[in-house]
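Undergrad: Take this sequence and fold it.
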Amino acid sequence: MSTADLFLKINALPAELQKEVGVFVDKLLQKLQKQPKKRERPLAMFKGKIHVADDFDAPLDDFKDLA
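TA: Next up is the predicted model:
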């Protein structure tokens, strides 16, 4: 829904309901401000802390007899 459509719908409401819409929008804005902001993780945060073995893609001995 575009902003213009929303504006037309709100304007079509009686004054009392327009006030209710305004109160509701204010509550939504307050709720949005209370949400914690996501912290950005630094790039390469785990660099050098994770090791992948050189033979990672090699077949496992446990499955040799199934092949």
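Undergrad: From residue 14, how far off is the most centrally placed residue in the chain?
TA: The centre of the chain sits closest to residue 38, judged by C-alpha atoms, centre = their mean, with a distance of 9.4 Å. Residue 38 is 40 Å from residue 14, where distance means C-beta to C-beta, to the nearest Å. In short, each C-beta sits where N, CA and C put it, glycine included.
Undergrad: and what of residue 25?
TA: 17 Å.
Undergrad: what do you get for residue 45?
TA: Counting by C-beta to C-beta, the gap from residue 45 to residue 14 is 55 Å.
Undergrad: What of residue 40?
TA: 46 Å.
Undergrad: and if you look at residue 30?
TA: 25 Å.
Undergrad: Assign the residue nearest to the centre of the chain to helix, strand or coil.
TA: Classification of residue 38 using DSSP: H, G, I helix; E, B strand; the rest coil returns coil.
Undergrad: do the same with residue 52
TA: coil.
Undergrad: residues near it, how many?
TA: By the criterion of other C-beta atoms under 10 Å, residue 52 has 7 neighbours.
Undergrad: mind checking pLDDT for it?
TA: At residue 52, the pLDDT value in this model is 90.
Undergrad: Could you do the one 5 residues further on as well?
TA: Residue-level confidence at residue 57 comes out at 90, pLDDT.
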